[in-house]
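A.B. asks: Need coordinates for the below:
(one chain, ligands or ions: 3)
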Amino acid sequence: MDSISSSTSRITPRFRCFDPTNTYPATANHRRYYSTLPLSGSRSPKAAATNMGDSTTITEPKIVTGDCGYVLEDVPHLSDYIHDLPTHTNPLQDNPAYSVVKQYFVNVDDTVAQKIVVQKDSPRGTHFRRAGPRQKVYFESEEVHACIVTCGGLCPGLNTVIREIVCGLYHMYGVTRVLGIEGGYKGFYARNTVPLTPKVVNDIHKRGGTILGTSRGGHDTSKIVDSIQDRGINQVYIIGGDGTQKGASVIFEEIRRRGLKVAVAGIPKTIDNDIPVIDKSFGFDTSVEEAQRAIAAAHVESESVENGIGLVKLMGRHSGFIAMYATLASRDVDCCLIPESPFYLEGAGGLLEYIEKTLKENGHMVIVVAEGAGQEFLSENIRTIDKQDASGNKQLQDIGFGISQKIKDHFSKQPKMAMNLKYIDPTYMIRAIPSNASDNVYCTLLAHSAIHGTMAGYTGFTVGPVNGRHAYIPFHRIIQKQNKVVITDRMWARCLSSTNQPSFFSPQQLSEKKSGEEVEENHIDY
Ligand SMILES: Nc1ncnc2c1ncn2[C@@H]1O[C@H](COP(=O)(O)OP(=O)(O)OP(=O)(O)O)[C@@H](O)[C@H]1O
Ligand SMILES: O=P(O)(O)OC[C@H]1O[C@](O)(CO)[C@@H](O)[C@@H]1O
Ligand SMILES: [Mg+2]
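C.D. replies: Ligands and ions are numbered 1, 2, ... in the order given. Have a look, this model is predicted:
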């Protein structure tokens, strides 16, 4: 016990992080880095914007280090590039709903640890600035002119986030001017805008989709920032997936380059759960829940006939989270195929052999396949090879249909074993629905955290929960890689154990996989 408490006292924080809303000076005990690469070209706002390609400035990561291996990956602040910005008292302190909260404003030094499973002597590791309201704000209520845009594919909860941004700005900060940008990024320069008030958005969380519409492609940074500037918008809320956050990052860079007092906040959206750092994305739980209905139907169908196979295709381009969680939740699934775990069809240990064995033992089976799995088996279909959507995402072939054909072909060669396959493709049904109760609450927290961040002058961040605590994460961390199922983790092992399927790896491949798998430094195996 003694040794533990003495080592605990060694890691007691003695640092004080830089926070523009912090009145305490930084101690010599920590360092603050923040710089930008040299600007080229004109600083004159519009003129420079037309020359984006030559003069894009990339903001360098803002890293603060402290004792015992503590690292804060901080987010940009408007005061980093606009000096002498006035601050104001946060109106929340006079708000009857919030003033009763004992400690409503977050401590300016609060940060959220990315790694929460630690050993006695391990370094404290990466942290992110904790989300939440600050005592001082950098916008007066009547000064704020906010806009909201939704981009990429649909996801349950989009309308809830829109609603909560509008209502949160209005009720917490007295902001009355909020514009909806219609039809995704291109809507900034090619579509109409719609004024959003608490009355307009009151019931929208009960509907699937996005009342603003969405799109892929059409990200023209200069035109978008021109539109933001021309309309006098000073807070931009951007809801979308990995592509959208990349777009938000370049919008932030261009805004900073033009020296505009405009805060940019990203709200991560993806049913694929492929955004890194955050615990999970909103709408994911709702989609997994909806997927249960398809799996249950596949189970009923397969059970009712001789050698029945129910095959369900679920979304997940590069990440098999929906398929894995839907499988784990259902317990009716005999095989789950995801893009991260290669499989093979023919021969010993292959999928077809496993299907035969399962049918002989149980008389029926359910297979769940993520849309990005097994694409290599379908590559002979040249019609869709290298086709991309408007955002540049590779268009995938229908693995559900393709694998159905392979299974049917296989059993057609075995007249003694009649097989009955039903293919269910609920793809769009699992994302075009309203969010469930817990996703609704999650969306509210995301929206409020984003609002508190922009009001406090932070910019260039994506908001999201890290180990259950909402935090502001710099764009570069969100867009540098995709979140994928780690197949050497316990969760995938749980999935394999629940289905009883083969891992499709030889012992040698498995050991190579274990030693070679690139896992994020702070990755936690659940
Ligand atoms: N590298 C990038 N730079 C600027 N804009 C981008 C970039 N990648 C994508 N975008 C823009 O972001 C928007 C959404 O991208 P995309 O269609 O890939 O969806 P997403 O946000 O990844 O969501 P999801 O894949 O979950 O449906 C599009 O308008 C696209 O033009
Ligand atoms: O058909 P769309 O609208 O381009 O979207 C399909 C893609 O969108 C996603 O749902 C992500 O939003 C992927 O799982 C899927 O591949
Ligand atoms: Mg994407």
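A.B. asks: So what's the residue count around the residue nearest to residue 177 when sequence neighbours are not counted?
C.D. replies: Closest residue in space to residue 177, ignoring its immediate chain neighbours: residue 145 at 4.6 Å, by CB to CB, 6 or more residues apart in numbering. C-beta coordinates here come from the backbone N, C-alpha and C atoms, glycine included. Counted with other CB atoms under 10 Å, the burial measure for residue 145 works out to 18 neighbours.
A.B. asks: right, and residue 145 touches residue 232 too?
C.D. replies: Yes. With contact taken as CB atoms under 8 Å, residue 145 and residue 232 are classed as touching, separated by 5.3 Å.
A.B. asks: what's the spacing between the residue nearest to residue 177 and residue 156?
C.D. replies: Computed as CB to CB, to the nearest Å, the residue 145 to residue 156 distance reads 29 Å.
A.B. asks: before we move on, what about residue 328?
C.D. replies: Note on residue 328: its distance to residue 156, by CB to CB, is 19 Å.
A.B. asks: Of the two, give the one with the bigger neighbour count.
C.D. replies: It is residue 156, of residue 328 and residue 156, that has more neighbours when counted by other CB under 10 Å, with 28 against 18.
A.B. asks: And what about that one, helix, strand or coil?
C.D. replies: coil (DSSP: H, G, I helix; E, B strand; the rest coil).
A.B. asks: so it sits right up against residue 286, yeah?
C.D. replies: Yes. A contact is recorded between residue 156 and residue 286 when judged using CB under 8 Å, the distance being 3.9 Å.
A.B. asks: shared neighbours, those two?
C.D. replies: 433-436, 439 (CB atoms under 8 Å, 6 or more residues apart in numbering).
A.B. asks: Restricted to strands, list these.
C.D. replies: Taking DSSP state E, every one of the shared contacts of residue 156 and residue 286 sits outside strands.
A.B. asks: out of these, which is most surrounded?
C.D. replies: Of all the shared contacts of residue 156 and residue 286, the most densely surrounded is residue 435 (27 neighbours; neighbours counted as other CB under 10 Å).
A.B. asks: Would you mind measuring from it to ligand 1?
C.D. replies: Counting by CB to the nearest ligand atom, to the nearest Å, the separation of residue 435 from ligand 1 is 15 Å.
A.B. asks: how deep is the closest residue to that residue other than its chain neighbours tucked in, by neighbour count?
C.D. replies: Closest residue in space to residue 435, ignoring its immediate chain neighbours: residue 157 at 3.6 Å, by CB to CB, 6+ apart. Taking other CB under 10 Å as the neighbour definition, residue 157 ends up with a count of 33.
A.B. asks: Can you give me every residue that contacts residue 157?
C.D. replies: 269, 282-283, 286, 434-435, 439-440, 442-443.
A.B. asks: Of those, which belong to helices?
C.D. replies: Among the contacts of residue 157, the residues falling in helices (DSSP state H) are 286, 439-440, 442-443.
A.B. asks: which of those lies closest to ligand 1?
C.D. replies: Ligand 1 has its nearest neighbour among the ones in helices among the contacts of residue 157 in residue 286, at 14.5 Å by CB to the nearest ligand atom.
A.B. asks: Show me how far the host helix or strand of residue 199 is from its chain's centre.
C.D. replies: Counting by DSSP states H and E, the element that carries residue 199 is helix 198-201. Once both centres are worked out by CA atoms, centre = their mean, to the nearest Å, helix 198-201 turns out to sit 26 Å from its chain's centre.
A.B. asks: pull the CA atoms of that helix into PDB?
C.D. replies: The C-alpha coordinates for helix 198-201 follow below in PDB (Å, rounded to 0.1, in the frame of the first residue of the first chain):
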ATOM      1  CA  PRO A 198     -36.400  26.300 -31.600                       C
ATOM      2  CA  LYS A 199     -39.900  26.300 -33.100                       C
ATOM      3  CA  VAL A 200     -38.700  25.100 -36.500                       C
ATOM      4  CA  VAL A 201     -36.700  22.200 -35.100                       C
END
